[in-house]
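*Asks:* how would this look folded up:
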Amino acid sequence: MAEKMATRQAYGKALVEIGKENPNLIVMDADLSKSTMTADFAKAYPERFFNMGIAEQDLYAAACGLALSGKVVCASTFAMFAAGRAFEVIRNSIGYTGANVKICATHAGITVGEDGASHQTFEDLALMRTIPGMTVINPCDGVSAEELLRQAISYDGPCYIRLGRAAVPVFYQQGADIKLGRGNWLRRGDKATVVATGIMVSEAMEAAERLAAEGIEIGVIDMHTIKPIDEEILVEAAETGPVVTAEEHSVIGGLGGAVAEVLSRKHPVKIAMVGQQDTFGESGKPDELKKKYHMTADDIEAAVKSLI
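*Replies:* Here you go, the predicted structure:
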């Protein structure tokens, strides 16, 4: 069985390592450092860590000021409060100025579980990708989370990095070829392709294995960068047949919307979207919620079969 690690855990570990290499790195939080995993950085480099309290607008406004003063800033809170409560500050202060702030938002999607609907954001990818110049990243495992974080910190400009609460399988080996703005083929097939992001990559791989046992070979792409999206790999996928998108996010405006925008212009093909179907969530066990809200390997398998 594959090793499991939450992407937020990989984020916390990577921050400490990057902090050793980059004395210009500042980390900030909104009183959630034990949950977002920035607490280890705070312990290692207390002079470079700022807890702004439960005041997300202040968090991102201050992060912007530090970035415009020459610092590289990773600012964390839960995704609902980053993309939701602080949206105007992120848009007008960080986005408009192109400030070098990395909005590292944890606890996204339905797998927040028992925290319930008020904390389960399904809108963050849609909101963040509308901001001009914002790079939007959603890693699928611990290895890709660390590597994409490193690349985001090296990149001069605003980034939104979506991180999860729950442990997920680790697919990538250390040193794997992972690049911002470029999707990764995890599996090739000739019947259809699943373009997945975040925790849904593991579900897509499980669905692909089941379908292969039935003689249906499908491709799986890890689309870890939602913006700028890899148009070339999407066209390549469409050339093999129908496309299914899979995301722990609303089917409105997220990965599914981004893929449809590209393929409608460059290579029209049948598309199905697996994700939150324009509803709010509720409190419950993550696996039970994924099943109820149709974000499982079963749902991906059914979507593929509906198109081929």
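
*Asks:* so what's residue 189 up against?
*Replies:* Residue 189 makes contacts with 208, 212, 216, 217, 218, 219, 220, 240, as judged by C-beta atoms under 8 Å, 6 or more residues apart in numbering. C-beta: built from backbone N, CA, C; applies to glycine.

*Asks:* Now list the buried members of these.
*Replies:* Buried residues within the contacts of residue 189, counting neighbours by 16 or more other C-beta atoms under 10 Å: 208, 216, 218, 219, 220, 240.

*Asks:* can you name the two of the contacts of residue 189 that are farthest apart?
*Replies:* 212 and 240 (14.8 Å; C-beta to C-beta).

*Asks:* From the buried ones among the contacts of residue 189, pick the one nearest residue 152.
*Replies:* After measuring those against residue 152 - C-beta to C-beta - the closest member comes out as residue 220, at 23.7 Å.

*Asks:* Just the residues contacting the helix or strand containing the closest one, thanks.
*Replies:* Using DSSP states H and E, residue 220 sits within strand 218-222. Here strand 218-222 makes contact (C-beta under 8 Å, 6+ apart) with 140, 144, 171, 183-189, 191-197, 201, 204-205, 207-208, 211-212, 233, 237, 240, 304.

*Asks:* Show the buried residues in the residues you listed.
*Replies:* Buried among the contacts of strand 218-222 by 16+ other C-beta under 10 Å: 140, 144, 171, 183-184, 186-187, 189, 191-197, 201, 204-205, 207-208, 211, 233, 237, 240, 304.

*Asks:* mind listing which of those residues are in strands?
*Replies:* 184, 186, 187, 192, 193, 194, 195, 196 (DSSP state E).

*Asks:* so the last one sits right up against residue 223, yeah?
*Replies:* Yes: the pair residue 196 / residue 223 is scored as a contact, 6.8 Å apart, by C-beta atoms under 8 Å.

*Asks:* Overlap in contacts, these two.
*Replies:* Contacts common to residue 196 and residue 223, judged by C-beta under 8 Å, 6+ apart, are residue 255.

*Asks:* any weak-confidence spans in the stretch 1-150 of the chain?
*Replies:* Within the stretch 1-150 of the chain, the set of residues satisfying pLDDT under 70 comprises 1-2.

*Asks:* make it 90
*Replies:* By pLDDT under 90, the weakly predicted segments of the stretch 1-150 of the chain are 1-3.

*Asks:* Just the closest of the buried ones among the contacts of residue 189 to residue 276, please.
*Replies:* The closest of the buried ones among the contacts of residue 189, once distances to residue 276 are taken by C-beta to C-beta, is residue 220, at 20.4 Å.

*Asks:* on that earlier part again, rebuild the buried ones among the contacts of residue 189 as JSON lines, extending it with distance to residue 258 and pLDDT.
*Replies:* Output for the buried ones among the contacts of residue 189, formatted as JSON lines (distance: C-beta to C-beta, whole Å; pLDDT from 0 to 100):
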{"residue": "208", "distance to residue 258": "21", "pLDDT": "98"}
{"residue": "216", "distance to residue 258": "26", "pLDDT": "97"}
{"residue": "218", "distance to residue 258": "20", "pLDDT": "98"}
{"residue": "219", "distance to residue 258": "18", "pLDDT": "98"}
{"residue": "220", "distance to residue 258": "17", "pLDDT": "98"}
{"residue": "240", "distance to residue 258": "19", "pLDDT": "94"}
